[in-house]
Every structure is written in structure tokens, then in C-alpha cells.
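**Q** Predicted coordinates and the sequence they were generated for:
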Amino acid sequence: GALGPHGARTAPSREAAPGPQRAPEHGGGAGRLVGRPVDRVDGPLKTSGAARYSAEYPYPDLAYAALVHATITRGRVTGLDTAEAAAVPGVLVVITHHNAPVLKPPPPVSVMNLSTLASGTSVAYLNTDEVHWNGQPVAVVVAATLHAAQHAARLVKVTYQPSPATVDFAAEEPNAKPQKSDMLSEGSAEKGDAEDALAAAPVSVDLRFTTPPHTHNAIEPHATTAAWDGDRLTVHDGSQNVAWTRDHLALRFGVPASGVRVISPYVGGAFGGKTMVWAGTILTVMAARVSGRPVRMMLTREGVSRTVGGRTPSAQRVALGARRDGRLTALVHTSVTQVGRVGGHREQVTSQSRHLYDAENILLRQNLVELDAVSNTYMRAPGEAIGTFALEAAVDELAFELGIDPIELRMRNEPGRDPIDGRRFSHRKLREAYALGARRFGWSERTPEPGSMRDGGWLVGMGVASAYHPSLRLAANVTVRLSADGTVLVRCGFHEMGMGGATAQAQIAADALGVPFEAVRVEYGDSDLPTGPGAGGSAQTASVAASLSAACEKLRGSVLALARRSKDSPLRGHRAAGLRARDGGLWASAGGSVTGETYAAILTRAGRPYVEAAVGSDTRAGTAVGQARFMTRFLLDRRRWVKAACGAQFCEVRVDPDTGEVRVSRWVGAFDVGTVINAKTAASQLRGGIVMGIGMALSEETLVDPRSGRVMNPGLGGYHVPVHADIPPIDVCYLDDPDPTMPLGLIGVGEVGMTGVAAAVANAVHHATGRRLRDLPITPDKLL
Ligand code: MOS
């Protein structure tokens, strides 16, 4: 009906609220394109089918590969009967540890060489008879057709000698060990005596939260097409880091990295799951080596579930103590997460709790259990996605105990400097984000009493939570070429998984050089390009933008130098500082008159087909010295500033009291993300994060058999991501206020949208029903 879940009060969604400040001027372009909702260049290619994905590259004599997954938790392969599989017509070879070529082992991880982080796991696939998790690949079938490969894979008979295994996260939780910190981790901290302060606090909450594991379910499952030519290797692989993938494959197969090319111009979504190199990629390359043919492998949803890591489960304690006026005296946040025994990302679950509240006493601790499971990995806002759930739900519970509005409670504890170490925030507009969001959402219409708002048979609840994600800048090499015909070519090996990165960089280049958007072409997604940053940590756009802006400035200087060499140039005698790049050239205005000339005129006169500028990252394509220098600067910057995107999430739910069904009926997200380069793609990123957060809150859960460690719902039939009917119109707005310490003032938008979402939902469910659900996902059975 008209007053159904997607209620009539839904405000029309707007791309951006008018900000208090405009985007900064840069490069003389006066922000003509930066900030605008420019359509994505890759959009029509993707929607029309013209964009070619990794599994769509044609090769003559292409063969197909399929995986055989272990069905025991841990142990050894004692027998492999491949005769029946090999007899299937079209089967070229069945590769097992008996006949696989020997690869070099995965390198140990070192922060001084970040590409060592590319090892999804430490397992030497098919070079060992050991099984480390239920689902590990133990054989690969290569055949002339996809169906022959998949059919034959089912006919491989494997026998095992099992050994004892540890797979039950809940059972292991009491045995968790303190997580080791390194120079990049922020999760452990201590100020004062938080436990004492908690015991003495007049009002307190002490709560346990649990979140399940999550599986990567991007629209495009992982796929690889690999072709060898002697020792040269070409790989099409949906990737968030083509340079890491190149380096990793070169190292494992013992060939020079210069002969390995990883091509990945279109990626059908990736949220951390395509950053590392997983079994499918390595074994496709191996299959091509062994069969002597180009080989393609498309993982099924089951294949992704079994061989690609996902998000760790967590158990968290958040305890808050406050005076009656709401000032926090104690904040305790501890976590237990898992890694695989064969590797895994150590999640920084408590890191946001270091920066969000000005508590007098703070204690943050992270603990780990090691399980016989595939390595867990990055998944959108690793750490903060689940960490903000616990923290922000606990803050809501404290607000309720205190009888203080949850926004007001947050504002009373908003820090001026970092609560732990007093570092300055480079940018912090959380107050403003709450004010903006509350206005757009209509927070003042909320009556605080749980169960007090209804719409027909629905219980209506409104919840709020803070979003927080650190902002990061990585190294990037960029070249920019300006041709005599006025066109511009930007080249950088960054990645496009659907977020519009190339469009944003084209906007920046067009502004910086004063050329039309259509004149700029951006090449990306290829390891033969100048090495770019990985698409991770919400860092890609800012990282490329920094080098791109510098390259454009250098290019303007080169063009001016070229012009000044000619006595015929009106730019003779002019300095770069006095010029503006616009209308396809450089122009000086003085006393009402304008002089200058177009790039085309300058280059044509000089007889130059093009001028090019290159800006090297601080990594110099992987040299140890360059990486050490980049890391040193990074750490110095971090010692000085706390940098983050933050925001306020507003959720309205309707709960059916008879069935326990929760429908999200309205959403407003108000964010502080610095300069917005593209109003359309930035809003889309934030909205996508909110959608993923709603999935986390209400439906997503990887079900692991606690006896066997086997994932029991390896497909979209059993793993429930939100569909369109689950998502209301999402109103996203931001302050568009530049961060003075970040390139062009921009803070990444890729991950912050997901943070705080699950807490806002849980808080809204409490407001609707009076029930606190501290175990995700909030499914109907838990509400009844
Ligand atoms: Mo992300 S989890 O940095 O792709």
C-alpha cells in the first residue's frame, strides 16, 4: 500500500547538498569539471556489453579449467584417481600434485615490499599433498570445453588422511591470543584506567556483539584468462592491483616481471576480494603452462566461496561509562577475529574507537584465533564495518540509559583532537554532517520512546550512527601526454571496478590543463602502464589525483618553455604563475587584455607532435629504496595528522510485529569526504556502501559447519545479498569541504559509506521494537 515499507515520506534523492565552501581552484581550471555529476565514461560500454571482462577475451585454441576442491578440513591427499576424468572427451590434462610443475613458494609478507601482501594464502597449490582448509583446490582439470572441464572435475576421486582441525570460531574464541601490532595498526591503545573508570561510572553499559563471516559476492565472480608465449605471460584477471598480480605471478613462476602483463580494464565489482592473488588465478596460469594452450577459468559462486577469503567473523565487547551529563569517562572496545592458519588479514576492528569519542579513559585491544580455514581478506571497510556496528550500537544503548538523544550524546563527546595521542584532525566535520543529515532526515520528528511510532500495522523506528573510515594516500606513477591536436592522454595502472575512477581523473586532467572533458582519454587497468596504486583503502582516487595534478603542472611548464623559445609566441616573457590553462591553451590576462595561445599553436610551431610529463611515485616501480622512502613519508604524515572520512547515517525501519520482518524504509547518509570530484560517482559509491551495510545488517552471513569448516551456503541461493526491493531510495549528501592535507582536498569515498550502517539499522530496530539485537544479521527469527 501507499504506506508500505517504502513510505510516502521518502524525500526525493538529491546528488549533493549545497556545501558551505566550494571546491578549491587548482591548475587554473577554476573547478569547471571537478564537482560536476559527469557520466561515467565506462558506463555505456558496460551497459551495452561492449566492455570486455577477463573471461571474455577470445584466444585461438582456448582451453577451459575447473577446480577440484578438497572435502576434508585438514590432512593429506593419499590417493587421486584421475582416470575417469581424463577419459572424458575433450579433457586435455588433469593436474594434481603428482604432475604439477614446481612453483616458487609465496614470499613472506614485508611492509617494505607491499606486493608481498599479494599472497592470498601461503599454500603452494598442487605442489603439496597437504590440505589446509575444506575447499582448498587439490586438482585442476583442463579441457577443450567448459562443460567437459566442469564435468570431469566431478569425476576426480580423491582419498584423504584427515588430521585434527580447528574450525569453530565460537568455540575457539576463549583461546584468542593478543593480535600483534605493526607500524600500520591502530587497534590497540590505552589511556588512563578504563576498567576502573567503568566500574565507578554512574551510568554504564557493558555489551557483547557478534558478527558472522561474509563471502565476497561481486557481480562478476573471479575469472582469469592466461596465455604463455615462451616465458612471456599475458593474464586477463579481474584485479584491484595489476602490479601486485604481475609481481606475484612472476615470482611464483620464476619469470621476469617485465615479461608478465596483467590486463584488467573492467572489473565487475570488487570490494577487497580481488586485491590478493588467489588459487584460481595461479592455477589458470599453471594450467596454461602445462597444457601449452591459452586457458580460461571462471570461478563459480561456490569456487569463490571456497577459494577466496571473505570477512572475518567477530566477537566484540564494548563497555561505556558516563557521568549523568553524558560525558564519557570510560570506553572499552575489545575484539576477537580470525585468520587462517595459512594467512589472513588481521582486522583492525577497534581502530575507529580510537578517534571517535573524547573519553577520559580508553582501552582498546584486539585478539585473534587461528583456524583451519581459507585466509580471510579485505572486504569493504575491513575493521570499521564491523567495529562501528559494535561501538555505535553501544553508544545508542548508553544514550537510552542516560535518557539523552543519541546525536546529542555524540556531540557532547566530540573530540577537538585525537583522544588517545592529541594529534590534530586534518579535517573533521562530524558535527556538520549530523546537522545536515538530521535536517534532511527529519530527526526532530522522532519520538524517543521505543515502540511509540507506528504506520498502520508496522512498527516504525529511527536510528542513527556515526560513519568513520581513515583516509590514505598511496604511491602512483602517472604520465600525461598533450598532443598537437589538443587531445590529452593520461596513463596510470589504476583500476576501475565500477566506481568511476577514470572519469574522475579525466575531470581533474581537463581542469588542470584547461581542455574539454572529451579531449581527455585515460588508460588504466594494465600492468604495462606506469605503476598505479591498488584500488583499496579508499585511496585510489586521491593517490592518482596527486600525481596527475603534479604531472599536469609539469606539462604546463614544459609547454610554456616551448612557447618561450619562440620570439613569435605571445607567451614570451610570461611566467607560469601568471597564466591560466583554459580553452585548450595558456593565457595571461593583465589590465583587461588577454594574451596567450593554444597548445596546438605552440606544439605545431615547435614541430612537436606531443609533449609528455611523467610523475614518478615515490616507489619507483617497486625498488626497495623508493618503497622505504614512501613508507617513511607516510609514517611521518601519520604521526602528524589523523585523517579520515566521517559521516552520519540515518535509518528508518518498519518492523512487522507478527513476522519479525524488518524493512528499511528510508535512509539519509551525510558525509564529510572532503572535495567531491564527481557528484554522481561519489554519491553512487556512498550509496553502494550503504546497500552493502544493509546486507550486513539484515541478511548476509556465511554459514560454516562448525564440525567440518565447510561453507554451507556457497551461492546466492543461500547467501542473501540485498535485492532492489530491499533497498529504499537512499539520500546521500556531503559537505564538499576540502581536506587541506589531501591532494585536491579529497578524502576517499569507497568505504566510509558502509560504516555505521549496521548500527543505524540495529538502533532503529530497537526504537521500533524495544529489542536490542547484538548478533548480526538481524533476521526475523531473532526478533520473534
Ligand atoms: Mo577495499 S576492502 O580496500 O577493496
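**A** Okay, I see it.
**Q** what's the closest non-adjacent residue to Trp587?
**A** Distance criterion C-beta to C-beta, 6 or more residues apart in numbering; nearest residue to Trp587, sequence neighbours excluded, is Gly596 at 3.3 Å. Glycine gets a C-beta too; all of them are placed from N, C-alpha and C.
**Q** Can you tell me the closest non-neighbouring residue to Leu328?
**A** Leaving out its chain neighbours, Leu328 is closest to Ala359 (C-beta to C-beta, 6+ apart), at 3.8 Å.
**Q** End to end on stretch 733-747, go ahead and measure it.
**A** When the termini of stretch 733-747 are compared using C-alpha to C-alpha, to the nearest Å, they are 15 Å apart.
**Q** Run the chain-centre distance for the helix or strand where Leu635 lies.
**A** Assigned by DSSP states H and E, Leu635 falls within helix 624-640. Between the centre of helix 624-640 and the centre of its chain there are 22 Å (C-alpha atoms, centre = their mean, to the nearest Å).
**Q** Send me it as PDB with only the CA atoms.
**A** C-alpha atoms of helix 624-640 as PDB (Å, rounded to 0.1, in the frame of the first residue of the first chain):
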ATOM      1  CA  ALA A 624      63.300  -1.100  -2.100                       C
ATOM      2  CA  VAL A 625      64.700   2.400  -1.700                       C
ATOM      3  CA  GLY A 626      61.600   4.000  -3.300                       C
ATOM      4  CA  GLN A 627      59.300   2.000  -1.100                       C
ATOM      5  CA  ALA A 628      61.200   2.700   2.000                       C
ATOM      6  CA  ARG A 629      61.100   6.400   1.200                       C
ATOM      7  CA  PHE A 630      57.400   6.300   0.600                       C
ATOM      8  CA  MET A 631      56.700   4.400   3.800                       C
ATOM      9  CA  THR A 632      58.800   6.900   5.800                       C
ATOM     10  CA  ARG A 633      56.900   9.900   4.500                       C
ATOM     11  CA  PHE A 634      53.600   8.000   5.000                       C
ATOM     12  CA  LEU A 635      54.500   7.300   8.600                       C
ATOM     13  CA  LEU A 636      55.700  10.900   9.300                       C
ATOM     14  CA  ASP A 637      52.500  12.300   7.900                       C
ATOM     15  CA  ARG A 638      50.500   9.900  10.000                       C
ATOM     16  CA  ARG A 639      52.400  11.000  13.100                       C
ATOM     17  CA  ARG A 640      51.200  14.500  12.400                       C
END
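**Q** Give me every residue in contact with the helix or strand that it is followed by, excluding its own residues.
**A** The C-terminal neighbour of helix 624-640 among helices and strands, as given by DSSP H and E, is strand 641-642. Strand 641-642 is touched from outside by 355, 418, 423-426, 741, with contacts defined as C-beta atoms under 8 Å, 6 or more residues apart in numbering.
**Q** where in this protein is pLDDT low?
**A** For the chain, the stretches with pLDDT under 70 are 1-31, 111-112, 617-624, 626-627.
**Q** for the longest helix anywhere in it, packing partners?
**A** In the chain, taking DSSP state H as the definition, the longest helix is helix 540-564. Helix 540-564 sits against strand 478-483, helix 501-513, strand 585-590, helix 599-606, strand 610-615, with contacts defined as 3 or more C-beta pairs under 8 Å, 6 or more residues apart in numbering; DSSP states H and E.
**Q** helix, strand or coil for the closest residue to the ligand within the stretch 501-650 of the chain?
**A** Residue nearest to the ligand within the stretch 501-650 of the chain: Gly536 (3.4 Å; C-beta to the nearest ligand atom). With DSSP: H, G, I helix; E, B strand; the rest coil as the basis, the three-state label of Gly536 is coil.
**Q** residues in contact with it?
**A** Contacts of Gly536 (C-beta under 8 Å, 6+ apart): 240-241, 272, 275, 378.
**Q** how about TSV for the residues you listed, with distance to Leu603 added?
**A** Converted to TSV, the contacts of Gly536 look like this (distance: C-beta to C-beta, whole Å):
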residue	distance to Leu603
Gln240	37
Asn241	35
Gly272	43
Thr275	40
Tyr378	44
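**Q** picking up where we left off before, after the longest helix of the chain, next one along is what?
**A** Following helix 540-564 toward the C-terminus (DSSP H and E): strand 580-582.
**Q** now for that next one, which elements pack on it?
**A** By 3+ C-beta pairs under 8 Å, 6+ apart, strand 580-582 packs against strand 585-590.
**Q** which residues does the closest residue to the ligand within the stretch 301-450 of the chain contact?
**A** Proximity of the stretch 301-450 of the chain to the ligand (C-beta to the nearest ligand atom) peaks at Tyr378, 3.6 Å away. Taking C-beta under 8 Å, 6+ apart, we find Tyr378 in contact with 271-273, 275-276, 345, 536.
**Q** circling back: I'd say the residue nearest to Trp587 and Ala581 touch.
**A** No: counting by C-beta atoms under 8 Å, Gly596 does not reach Ala581; the two are 9.6 Å apart.
**Q** tell me, what's touching the two both at once?
**A** Contacts common to Gly596 and Ala581, judged by C-beta under 8 Å, 6+ apart, are Trp587.
**Q** Counting neighbours, go ahead and name the busier of the two.
**A** Ala581 (27 against 21; other C-beta atoms under 10 Å).
**Q** okay, now the nearest residue to that one once chain neighbours are set aside: neighbour count?
**A** Counting by C-beta to C-beta, 6+ apart, Ala581 lies nearest to Gly514, which is 3.4 Å off, once chain neighbours are set aside. Per other C-beta under 10 Å, the neighbour tally for Gly514 reads 24.
**Q** and whichever residue of the chain sits closest to the ligand, how many neighbours?
**A** At 2.8 Å from the ligand, Gly272 is the closest residue in the chain, using C-beta to the nearest ligand atom. Applying other C-beta under 10 Å, we find 24 residues neighbouring Gly272.
**Q** Go ahead and confirm it touches Gly383.
**A** No: judged on C-beta under 8 Å, Gly272 makes no contact with Gly383 at a distance of 11.2 Å.
**Q** So which residues on the protein come close to the ligand?
**A** 240, 271-272, 275, 378-380, 382, 536-537 (C-beta under 6 Å from any ligand atom).
**Q** Try it again at 8 Å.
**A** 240, 270-275, 378-382, 534-539, 750-751 (C-beta under 8 Å from any ligand atom).
**Q** Look up how far Ala270 lies from Val749.
**A** Computed as C-beta to C-beta, to the nearest Å, the Val749 to Ala270 distance reads 16 Å.
**Q** quick one: which of those two has more around it?
**A** Set Val749 next to Ala270 and count neighbours by other C-beta under 10 Å: Val749 wins out with 31 against 27.
**Q** which residues sit in contact with that one?
**A** Per C-beta under 8 Å, 6+ apart, neighbours of Val749: 538, 541, 645, 671, 673, 676, 682, 685-686.
**Q** Now do the longest helix of the chain against strand 610-615, angle only.
**A** Orientation check (axes from the mean of the first three to the mean of the last three C-alpha atoms, to 10 degrees): helix 540-564 against strand 610-615 gives 140 degrees.
**Q** I appreciate the help and will end here.
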